[in-house]
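*Asks:* quick one: sequence plus predicted model below, questions after.
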Amino acid sequence: MITFMIHTPINSRGYLMGYLKDNLVSLEKEIGEEISLVTPHDYEHTKHCTESWLLPCVKDDTLPDIILTHAGEFADLKDFNLEDHFSTSFAEKYNQDNPVRTELEILKDPKGIFYPLFVVPVSMGYNKKNLDEKYISGSWNDLFNENIKIILPALEKPLTKAFLSFIMENFPEKSSNFFNNISFGNSPVDVVRSIAAGEFDMAVSNISFINMMKNKNIDLNTPKEGVMLLPQVLAWKKNADEKVLKVTELLMKKEIQNYLGEQDFWPSLENSFLGESFKNNELLKSWQGWEKYINSIVNFEKRRGEIW
């Protein structure tokens, strides 16, 4: 059996799993293998819906054959050599057959472990009734105004850990006060609902969830410094059967990649639909590599015990 773990934002996850399920019967016949689609919330190591599923899988040698997840989750494996557990040959072959689109070429992994399937852009949303326009300057610095009530998704969420590491890295002199003044909700979509209800003034979330609430007094506060990147990557278990590549080929179908673009994500297929948010890609231009990205989350995790 081939096990495929999918842990992406809920709107993309539902569509991706539905598409894969629709194609499972014919694909299983083609490769002669049963395929199991799982998420962290129904996998054996996460019966209590914890977000930390990758580390137990490595420790217990129960890694899924294929993983599509937030790149920041690999920060949990800081004490392990990724090449010991994940294939580089599969990623290299996949990248040859599915070259990353020109606009995202900077995200190619030189070690060949990750394939960046799409990027989730993260920005600020605010309640137009709660906040006077004078508080909205189109900068991440707007978050440091102590008069604004700010909510983030739960501290264990991949988006939150990536975002707080981004703040710590880019605004070190302001991060301590910011960490003390924020509140945490549940999921990225729930925090947008919280500002729609007027309970908070501003939230940090993925742009597609903010856009979904625009008819409820919610608007985007797009940072001129660039939206934050939340890359979603494919990785393959070391020594898995080559049949796994047949499964992941489905994810590069234009139908899927265009859907991701229509959600204002940034898909990897050349010439697939690229959403409006890509205009604010300044932080992509200054990308410093996967090691830097993951290490910034590792460094945040080391400090979080001092903060909360």
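*Replies:* Everything's here; your move. Numbering: from 1, shown residues only.
*Asks:* and the top strand by length along the chain, what does it pack against?
*Replies:* Identified as the longest strand of the chain according to DSSP state E is strand 115-127. If contacts are counted by 3 or more Cβ pairs under 8 Å, 6 or more residues apart in numbering; DSSP states H and E, strand 115-127 sits against helix 89-97, helix 158-170, helix 188-196, strand 202-206, helix 207-212, strand 218-221, strand 228-236, strand 266-267. All C-beta atoms are positioned from the backbone trio N, CA, C, and that covers glycine.
*Asks:* CSV please, covering those and showing distance to residue 298.
*Replies:* CSV is the format used below for the helices and strands packed on strand 115-127 (distance: least, Cβ to Cβ, whole Å):
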stretch, distance to residue 298
helix 89-97, 22
helix 158-170, 8
helix 188-196, 22
strand 202-206, 21
helix 207-212, 26
strand 218-221, 29
strand 228-236, 16
strand 266-267, 24
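*Asks:* can I get these in JSON lines with mean pLDDT and mean neighbour count?
*Replies:* Shown next, in JSON lines, are the helices and strands packed on strand 115-127 (pLDDT from 0 to 100; neighbours: other Cβ atoms under 10 Å):
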{"stretch": "helix 89-97", "mean pLDDT": "88", "mean neighbour count": "16"}
{"stretch": "helix 158-170", "mean pLDDT": "96", "mean neighbour count": "22"}
{"stretch": "helix 188-196", "mean pLDDT": "95", "mean neighbour count": "23"}
{"stretch": "strand 202-206", "mean pLDDT": "97", "mean neighbour count": "28"}
{"stretch": "helix 207-212", "mean pLDDT": "94", "mean neighbour count": "23"}
{"stretch": "strand 218-221", "mean pLDDT": "96", "mean neighbour count": "19"}
{"stretch": "strand 228-236", "mean pLDDT": "98", "mean neighbour count": "24"}
{"stretch": "strand 266-267", "mean pLDDT": "98", "mean neighbour count": "28"}
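*Asks:* which one, of the ones you listed, ends up nearest to residue 58?
*Replies:* Residue 58 lies closest to strand 228-236 among those, at 11.6 Å (Cβ to Cβ).
*Asks:* could you pull out the helices for this structure?
*Replies:* Along the chain, counting by DSSP state H, helices occupy 10-31, 54-59, 89-97, 158-170, 172-181, 188-196, 207-212, 244-249, 254-262, 282-285, 290-307.
*Asks:* between those, which gets nearest to residue 226?
*Replies:* Using Cβ to Cβ, the nearest of these to residue 226 is helix 282-285, at 3.1 Å.
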